[in-house]
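1. One predicted model, sequence on top.
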2 protein chains.
Amino acid sequence: MRISELSRETGVPVATIKFYLREHLLPEGTKTSSTQAQYGEEHVSRLRMVRALIGPGGLTLNAVRRALAAIDDPPERPYDLIVAAGSAVSPPSAGADHTEAHALLAAWGVDPATDDCSTHDDLAVALQGLDAAGFTLVEGALEHYRAHMSEIARFEIDRVPTTSAAEAVRYVVLGTVLVEPVLLALRRLAHRELTQQRFGEAGA
Amino acid sequence: MRISELSRETGVPVATIKFYLREHLLPEGTKTSSTQAQYGEEHVSRLRMVRALIGPGGLTLNAVRRALAAIDDPPERPYDLIVAAGSAVSPPSAGADHTEAHALLAAWGVDPATDDCSTHDDLAVALQGLDAAGFTLVEGALEHYRAHMSEIARFEIDRVPTTSAAEAVRYVVLGTVLVEPVLLALRRLAHRELTQQRFGEAGA
């Protein structure tokens, strides 16, 4: 199909498609003349993925590029795949102080020394955020959070597709990014539900 | 203290403090001359909060402004407070299609018609993100997510401080924003741990 049809098919304006092509988020079509190219179904699905990662996924262009790179050239070991998906979404932050994160991991029986340290960055940054705001979690909160997030992760890892590496990567990368807003929305929904039950007040 | 001391105390550059003052994220100090003002401890703690909301919280300036407004002028009813905290973080998105979110809520025994619809926006947007990417959750995933996020929310709502309205608001607003990155970091950490256990591979 031509770029105009690709635009109609996906609802993405032609100018935006051209921008993605220039930014290498979308592979070139097959040139049919010096000014025209043909696009296929792979462009349709790639375009949908880019839109989802940028829009609801809330990723920056660079993060989308990293996520697509992980999908296009999947690491062989499942562990590397999970790390790649995570760092596609939130790149390692050079300045993060790991002291608190490491203390926590050690308390949980994870030896931080034998672990890939760049994977502790997002926890380190999140914990520093609490400190910086002078916000102290109530006792037992982190353990409670860890228990439930681990159950969620277990459910997900148990269901990584084993049909093909490409399917597995797609599941992990998109699942990491796109499920996050779902989880956060469900937490807020539950906050409201429980408050309503507890205080017996209906919403407006 | 003068603005230079406020800067030293908080580690925030003077130019940034001036920017926050212009943007009304920080209240004016007490003028001592036409070019000088005095700042107090309330400026120190407000500045720390702004930094935490912008940095690790990842909020936009507008979202910080809404969060601070909720803290400064707390709604009276606990339910409204929870809604205000949620919408400070993610403002209602006018275009969101609620069909799927409402079907889900109805299946879970929540009557969407009696609920404040603007509070369904983030769930609606998150579900549309999955659809847009052509990503189908495995069966039972949403119920699994809901169960665990509800347990997290219950733990939190049970511990809302009742000492003062101001404390409660601060807990809810900061807790909503700053705990989100902690939860997501713990999910990714668990993904890696479980993958390592499952496939018996150590990280680099």
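-> Structure's in. What do you need?
2. Would the helix or strand bottoming out on mean pLDDT in chain A count as contacting chain B?
-> Here the helix or strand of chain A ranked lowest by mean pLDDT, DSSP states H and E is helix A:78-89, holding a mean of 72. Yes - Helix A:78-89 is in contact with chain B by C-beta under 8 Å from any C-beta of the partner chain, via A:78-79, A:81-83, A:85-86. Any C-beta I mention is one placed from the backbone N, CA and C, and that applies to glycine too.
3. The residue positioned nearest the centre of chain A is in what secondary structure piece?
-> Closest to where the C-alpha atoms of chain A average out (C-alpha atoms, centre = their mean) is residue A:177, at 2.2 Å. Using DSSP states H and E, residue A:177 falls within helix A:165-199.
4. returning to what we had before: list of residues touching the least confident helix or strand of chain A?
-> Applying C-beta atoms under 8 Å, 6 or more residues apart in numbering or on different chains, the contact partners of helix A:78-89 are A:59, A:63, A:66-67, A:69-70, A:74-75, A:116, A:118-119, A:122, A:160, A:168-169, A:172-173, A:175-177, A:180, B:188, B:191-192, B:195-196, B:198-199, B:201-203.
5. hmm, try it at 6 Å
-> A:66-67, A:70, A:75, A:119, A:172-173, A:176-177, B:188, B:191-192, B:195-196, B:199, B:201 (C-beta atoms under 6 Å, 6 or more residues apart in numbering or on different chains).
6. Mind checking which of those are buried?
-> Neighbour counting with 16 or more other C-beta atoms under 10 Å in any protein chain shown marks A:66-67, A:70, A:119, A:172-173, A:176-177, B:188, B:191-192, B:195-196 as buried within those.
7. Report the lowest-confidence entry in those residues.
-> Minimum pLDDT for these is recorded at residue A:119 (74).
8. Please report how far it lies from residue A:150.
-> 15 Å (C-beta to C-beta, to the nearest Å).
9. same question, residue A:123
-> Distance of residue A:123 to residue A:150, computed by C-beta to C-beta: 13 Å.
10. Pick out whichever of these two has more residues nearby.
-> residue A:123 (24 against 19; other C-beta atoms under 10 Å in any protein chain shown).
11. residues contacting that one?
-> Counted by C-beta under 6 Å, 6+ apart, residue A:123 has contacts A:101, B:185.
12. and it, what element?
-> Applying DSSP H and E as the criterion places residue A:123 in helix A:121-132.
13. rewinding a little: what about the residue nearest to the centre of chain A, distance to residue A:86?
-> Distance from residue A:177 to residue A:86, by C-beta to C-beta: 10 Å.
14. Can you pull the phi and psi angles for the closest residue to residue A:142 other than its chain neighbours?
-> Closest residue in space to residue A:142, ignoring its immediate chain neighbours: residue A:104 at 6.7 Å, by C-beta to C-beta, 6 or more residues apart in numbering or on different chains. The phi/psi pair for residue A:104 (degrees, to the nearest 10) reads phi -70, psi -50.
15. returning to that earlier point: next, the angle helix B:121-132 makes with the helix holding residue A:177.
-> 160 degrees (axes from the mean of the first three to the mean of the last three C-alpha atoms, to 10 degrees).
16. which strands and helices sit next to helix A:165-199?
-> Applying 3 or more C-beta pairs under 6 Å, 6 or more residues apart in numbering or on different chains; DSSP states H and E, one finds that helix A:165-199 contacts helix A:61-72, helix A:78-89, helix B:78-89, helix B:121-132, helix B:141-157.
17. Distance to residue A:99 added to the ones you listed, as TSV?
-> Putting these into TSV (distance: least, C-beta to C-beta, whole Å) gives the following:
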stretch	distance to residue A:99
helix A:61-72	27
helix A:78-89	21
helix B:78-89	28
helix B:121-132	33
helix B:141-157	26
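18. and of these, who's closest to residue A:12?
-> Closest of these to residue A:12 is helix B:121-132, at 10.9 Å (criterion: C-beta to C-beta).
19. what pLDDT, on average, does that closest one get?
-> 86.
20. List the buried residues in it.
-> So, applying 16+ other C-beta under 10 Å, buried residues of helix B:121-132: B:121-130, B:132.
21. Just put the residues you listed in TSV and tack on distance to residue B:4.
-> Output for the buried residues of helix B:121-132, formatted as TSV (distance: C-beta to C-beta, whole Å):
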residue	distance to residue B:4
B:121	43
B:122	41
B:123	47
B:124	48
B:125	44
B:126	45
B:127	50
B:128	49
B:129	46
B:130	50
B:132	50
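22. any low-confidence regions in chain A?
-> Confidence mapping of chain A against pLDDT under 70 gives the ranges A:56-57, A:88-94, A:115-116, A:165, A:199-204.
23. Give me the buried stretch members for stretch A:51-64, please.
-> For stretch A:51-64, by 16+ other C-beta under 10 Å, it's A:51-54, A:56-59, A:63-64.
24. Sort out for me which of those residues are in helices.
-> Secondary structure from DSSP state H places A:51-54, A:63-64 of the buried residues of stretch A:51-64 in helices.
25. Can you say which two of those are spatially most distant?
-> Spatial extent of these (C-beta to C-beta) is set by the pair A:51 and A:63 at 14.0 Å.
26. related to what we said a few turns ago, which of the residues of helix A:78-89 next to chain B sits closest to residue A:29?
-> Checking the residues of helix A:78-89 next to chain B against residue A:29 with C-beta to C-beta, the nearest one is residue A:85 at 27.9 Å.
27. ok, that closest one to residue B:27 distance?
-> If you go by C-beta to C-beta, the gap between residue A:85 and residue B:27 works out to 43 Å.
28. Residue A:192 too?
-> 30 Å.
29. Can you verify my assumption that residue A:132 contacts residue B:54?
-> No - contact criterion C-beta atoms under 6 Å: residue A:132 and residue B:54 do not qualify, at 10.2 Å.
30. shared neighbours, those two?
-> Joint contacts of residue A:132 and residue B:54 (C-beta under 6 Å, 6+ apart) do not exist.
31. hmm, back to that, to the chain's geometric centre, what's the distance from the helix holding residue A:123?
-> On the basis of C-alpha atoms, centre = their mean, to the nearest Å, helix A:121-132 sits 18 Å off its chain's mean C-alpha point.
32. which other residues reach stretch A:27-37?
-> Residues outside stretch A:27-37 that contact it (C-beta under 6 Å, 6+ apart): A:38-39.
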